[in-house]
Structures are given as C-alpha cells and as structure tokens.
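Participant: my questions are about this predicted structure, shown below with the sequence.
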Amino acid sequence: MRQSDETRTIGVKVSTVTLSRECEHDLIRRARAGEAEAMRQLVDEHKERLFGFIWRMVRDHHEAEDICQDAFLKAFMFLKSFSTEYRFSTWLFTIAYRVCLNRLRRRRVITGTAALAALPLESPESVTQVLESEEAARVKELVWSAVDRLSPPQRAAVLLFYRHEMSCQEISRVIQLPLPTVKSHLHRARARLRGMLESVGDGGLGRLRNRSGAAG
C-alpha cells in the first residue's frame, strides 16, 4: 500500500470513488466467491483514498501502510456480512477507523475532547490558485496543524467530509456517532477555522468557505 509521494495525502482533495453501484456489487459478489481479480480491483479502487485518511489519523507512514493492509484483510475476511445497501467505501473506512483507534489507544495519545479546528475544502481549480502563493501555504500549514490537534473522532469527521466528500450520514456510520454530533463537529470546526485565520485576511479565508453550508 506504499504511496510513491507522501504529499498526495495532504493539501488537495482526493479523488472520489469511480465505480458504479452495479459494478461494485458485481465485484463484491465475485470477491465473496473468492475471485482474486475482483479483490484486486476493489483494493485498487479504494487504496489511495483509504491510505490518505489513515495517514492523517496516525501520522506515521509505515503504520498507515500496515493499517491499510489490515483494513482490507478484515474487509475481505468478513465480506459476507457486508450489506450492499451501503457503499463498500463506507464499510471499509469504518473498519479502518476502528483499527486506527485501537492503534492510537495503544500509543496512548487519545486526550478526550480537544480544541476544535478545521480543514478547508477547495475545488481542484482553487487549490491550484491557492498553492501559488506563500500566504496560502502558511494558511494550509495552520489548518493542518489545527486538524492534527483534534481528537480522533473529530479529526475523522472533518477529514471524511472535506477531503473524502462523504455525507454526514455516511460519516455517522463510519465513526459511529449520532448524526447531530457529526454536524456539530463540522459546524464548530468551521467557526474555529474562521477565528484562527482572521489574521490572514478575507482573501485567503474566502477560498475556504466553498462547502461550509453543505454540512447543515
């Protein structure tokens, strides 16, 4: 699961799932029957997004690789229990999140409720524009630093919403928190971000508001 360039996990929005539901269901059916090629296609479809999420949770490249592999192994071991009512990615991220929490508990880094920060969402076009300026690089550094101070559930919520474009309902299933709690995390995160970035001016902050209303 090694990424050739670790920077792919930060600063830009990752690509979304491209499989149609019909194709995904077919791959799952074949994978349940033990077909290695179907399993490989499912891995290829999701490994980059999953690795990016895990890396941001644990902030260790080798551990992220190990967790990513573990998550896929568990997913295929228990594939018969998967309900095709949901996207495979939602179930896969749920498994990965649980493994991340177990690893973080072993590292004794969970601190309970942490100060909320936020993560920007930007379109590919605006990302290109923002990254052209030194000021934007400073904003990004501030934002990621704030995200890293979140508790694991809070960090997972903002990552899944802003980087992986999951709905609040999907996030609720992944991190196993009530929907109102997920929305509260995102709302408070945006408020925290606005206060934290006041010093960089409206120009930089305006680019970070594109999806602020989508969380409800």
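Facilitator: Cool, got the structure.
Participant: just give me the neighbour total for the residue nearest to Gln176 when sequence neighbours are not counted.
Facilitator: Leaving aside its chain neighbours, Gln176 sits nearest to Thr94 (7.6 Å; criterion: Cβ to Cβ, 6 or more residues apart in numbering). (Each C-beta comes from the backbone N, C-alpha and C, glycine too.) Using other Cβ atoms under 10 Å, Thr94 has 18 other residues around it.
Participant: how's this structure carved up into domains?
Facilitator: The record's domain parsing of the chain by automatic domain parsing lists 17-106, 124-215.
Participant: worst mean pLDDT among those?
Facilitator: When those are compared by mean pLDDT, domain 124-215 comes last with a mean of 71.
Participant: quick one, longest helix in this structure?
Facilitator: Longest helix of the chain, by residue count under DSSP state H: helix 36-58.
Participant: now the angle from the very next helix or strand once past it to helix 36-58?
Facilitator: Downstream of helix 36-58, the next assigned helix or strand under DSSP states H and E is helix 61-77. Interaxial angle, helix 61-77 versus helix 36-58 (axes from the mean of the first three to the mean of the last three Cα atoms, to 10 degrees): 140 degrees.
Participant: wait, the residue nearest to Gln176 touches Val174, no?
Facilitator: Yes: using Cβ atoms under 8 Å, Thr94 makes contact with Val174 at a distance of 4.7 Å.
Participant: thinking again about what came up before, buried residues in the helix or strand the residue nearest to Gln176 falls within?
Facilitator: Taking DSSP H and E as the definition, Thr94 sits inside helix 88-106. Neighbour counts over helix 88-106 (16 or more other Cβ atoms under 10 Å) mark 88-97, 99-101, 103-104 as buried.
Participant: which one of those is nearest to Met57?
Facilitator: Cys100 (4.4 Å; Cβ to Cβ).
Participant: residues contacting the closest one?
Facilitator: 54, 57-58, 67, 152, 156 (Cβ atoms under 8 Å, 6 or more residues apart in numbering).
Participant: repeat that for Ser172.
Facilitator: 178-179, 181-182.
Participant: now which of those would you call buried?
Facilitator: 181-182.
Participant: just the closest of the contacts of Ser172 to Leu142, please.
Facilitator: Nearest to Leu142 among those, with distances taken as Cβ to Cβ, is Val182, at 23.8 Å.
Participant: for the closest one, give its distance to Ala156.
Facilitator: 10 Å (Cβ to Cβ, to the nearest Å).
Participant: joint contacts of those two?
Facilitator: 171, 175.
Participant: neighbour-wise, which one of the contacts of Cys100 leads?
Facilitator: Result: Ile54 is most packed of these (other Cβ under 10 Å), 28 neighbours.
Participant: please look at that one and His61 and confirm they touch.
Facilitator: No: if you go by Cβ under 8 Å, Ile54 and His61 don't touch, sitting 10.1 Å apart.
Participant: quick one: contacts for Leu179?
Facilitator: 168-169, 172.
Participant: closest to Gln41 among those residues?
Facilitator: Distances from Gln41 to the contacts of Leu179, taken by Cβ to Cβ, are shortest for Gln169, at 26.2 Å.
Participant: list the contacts of the closest one.
Facilitator: Leu179.
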